[in-house]
Structures are given as structure tokens and as C-alpha cells.
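**Q** just need the structure, nothing else, for what follows:
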Amino acid sequence: MKRAKSIIWGLALLALGVIFGGKALGIFNFDIFFEGWWTLFIIIPSVVSFITEKEKFSSLTFLACGIILLLAAQNVFSYDVAWKVMLAAALVFFGLSLVFKNIFHSKHDKEVAEHVKNLKEKGGSDSQVAIFSSNESVYNKEEFTSDDIVAIFGGASLDLRNAILKKDAAIKVFCLFGGVEIIVPEDVTIKTKSGFIFGGISDDRKNNTEKSTHTLFIEAAGGFGGVTIKDTKSKK
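**A** All right, here's what the predicted structure looks like:
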């Protein structure tokens with residue numbers, strides 16, 4: 001999925017480069033900056049997110065808002081009407097997301113959420129907060145049970161390469177306009193649950209061993225950000 005996202009963004013940037021270059025050289029005569037051109041910064045990321053991300057309803061909401069604003073810019077209807085239609089669309093998609101999540105919520109996501117909740121309650125939890133800043137936590141021959149990570153307009157790093165895992169462990173992440181890097185030992189199984197708007201969880205591990213001793217459950221949510229999982233080899 002990560003590769004698909006890169007390809008789509010690459011094609012989009014390639015197309016923009018050709019259009020701007022062709023316009024500069026006089027090959028194209030149309031006006032690049034049409035009325036409402038700025039809505040493409042909402043529409044294009046929404047389309048990419050809809051294609052590549054598991055969570056669809058948030059992408060549809062932003063896509064609908066982008067299209068509505070484009071139509072308003074093209075004088076199909078007024079901006080006053082556009083805001084009302086956008087509010088209605090947001091309510092409809094939010095309502096549908098709640099209905100479908102409750103009906104079709106995957107067994108895997110429920111398992112991860114339940115394990116995260118139980119492990120945090122039983123083992124206590126450390127915490128990391130990075131708001132307009134960076135925060136790094138390193139476990140060196142220390143026992144790790146669970147962690148809460150919040151990154152808002154900032155970045156956080158959790159290094160578990162030398163951590164001691166005596167049992168299954170859990171990490172809960174909230175990431176808004178920020179990034180979180182989690183470096184894990186090579187002998188653990190990773191199970192994740194993602195609930196991002198324009199973002200997600202990327203597993204960049206080079207060695208997904210089958211000889212795992214414990215499971216690390218990661219539940220992450222937020223918007224315009226993401227979580228990257230690495231191991232010793234991918235970190236080098």
C-alpha cells in the first residue's frame with residue numbers, strides 16, 4: 001500500500017510538472033489557475049487517501065468538501081450554500097462511518113483495541129508528549145509494558161530495541177500534524193489498528209521474524225500524520 005501511495009503521488013507530481021512546464025514553454029494555452037484551482041489541494045490528497053488508506057469515510061468527507069468548494073468557485077452556487085451543503089455532507093459521512101464501523105468492524109481491529117485496553121490497565125502506562133517539539137524515549141535493558149504517545153505538530157520516538165518484554169505489550173498513539181517512530185526488537189509480532197485521516201501506520205521492518213516471543217499491539221489515530229515502525233536493520 002505504501003508503494004501504491006508513492007506511485008500515485010509520483011504520477012500526480014509528474015502531471016503537474018508537465019502542465020507547468022508546458023505552460024511556461026507555450027505548449028499549452030489553457031489557464032492553469034482556473035477559478036477554484038486551490039481546491040485541488042483538498043481534492044487530490046483526498047483521492048489518494050481514498051485509494052491507499054483503509055479508512056474511507058474521512059477521505060470521502062474531504063473529497064466532497066473539495067468538490068463543493070470547487071463548484072462554488074465556479075459559481076454553480078454561492079459560498080453560503082456551499083458551507084451548508086458541506087456541513088450536511090460531513091454529518092452524513094460521519095453518521096455512515098459510525099454505522100459501518102459498528103456493523104463491519106474487523107475482528108482484527110477489535111482484537112488490537114481490546115488487547116491495548118487490557119494491557120494498559122494491567123501493567124500501567126508510561127507516556128510521551130511532543131507538542132510543537134520532539135521527544136525521544138529509549139528503553140535500555142528496562143522492562144516495557146505499555147506507552148501512551150501524543151505528537152501534535154511535533155515528533156516522538158520510542159526505541160525498544162534493547163527493551164525487555166516479559167509479556168505482550170501495548171502502545172497507543174495520537175498523532176496530529178506530526179510523526180511517531182517506533183523502533184522494535186526483531187523477535188516480536190506486531191499487530192496494529194489505524195484510524196487516521198490523511199495518514200496511517202507504515203511498517204518498514206526489514207526482518208519480520210516468525211520466531212516471536214511476544215506481541216506488540218499498536219493502536220494509532222489522528223490526522224495529517226503517521227506512525228513508522230522500524231527494527232534494528234531498517235534503522236541503520
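
**Q** any idea how far V85 is from N75?
**A** According to Cβ to Cβ, to the nearest Å, N75 and V85 sit 15 Å apart. (C-beta placed from N, C-alpha, C; glycine too.)

**Q** higher neighbour count, the two?
**A** V85 (16 against 10; other Cβ atoms under 10 Å).

**Q** so K167, which state does it fall into?
**A** coil (DSSP: H, G, I helix; E, B strand; the rest coil).

**Q** which one is it nearest to, not counting chain neighbours?
**A** Nearest in space to K167, with sequence neighbours left out and distances taken as Cβ to Cβ, 6 or more residues apart in numbering, is H214 at 6.1 Å.

**Q** which pLDDT does the model give that neighbour?
**A** Here, the pLDDT recorded for H214 equals 84.

**Q** that one and I164 touch, don't they?
**A** No. Contact criterion Cβ atoms under 8 Å: H214 and I164 do not qualify, at 10.4 Å.

**Q** mind listing the helices for the chain?
**A** 2-24, 40-52, 57-73, 79-104, 107-123, 232-235 (DSSP state H).

**Q** elements contacting the second one?
**A** Translated: helix 40-52. Contact here means 3 or more Cβ pairs under 8 Å, 6 or more residues apart in numbering; DSSP states H and E; on that basis helix 40-52 packs against helix 2-24, helix 57-73, strand 188-203.

**Q** could you check the angle helix 57-73 makes with that helix?
**A** 150 degrees (axes from the mean of the first three to the mean of the last three Cα atoms, to 10 degrees).

**Q** please identify the buried residues of helix 40-52?
**A** The neighbour-count check on helix 40-52 (16 or more other Cβ atoms under 10 Å) flags 42-50, 52 as buried.

**Q** where does confidence bottom out across the residues you listed?
**A** Among these, T52 has the lowest pLDDT, at 67.

**Q** low-confidence ranges in this structure?
**A** 1-9, 11-12, 28-33, 52-57, 97-113, 115-125, 197-198, 207-211, 233-236 (pLDDT under 70).

**Q** would JSON lines of the buried residues of helix 40-52 with distance to A169 be doable?
**A** Shown next, in JSON lines, are those (distance: Cβ to Cβ, whole Å):
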{"residue": "I42", "distance to A169": "38"}
{"residue": "I43", "distance to A169": "40"}
{"residue": "I44", "distance to A169": "38"}
{"residue": "P45", "distance to A169": "33"}
{"residue": "S46", "distance to A169": "35"}
{"residue": "V47", "distance to A169": "37"}
{"residue": "V48", "distance to A169": "33"}
{"residue": "S49", "distance to A169": "30"}
{"residue": "F50", "distance to A169": "33"}
{"residue": "T52", "distance to A169": "28"}
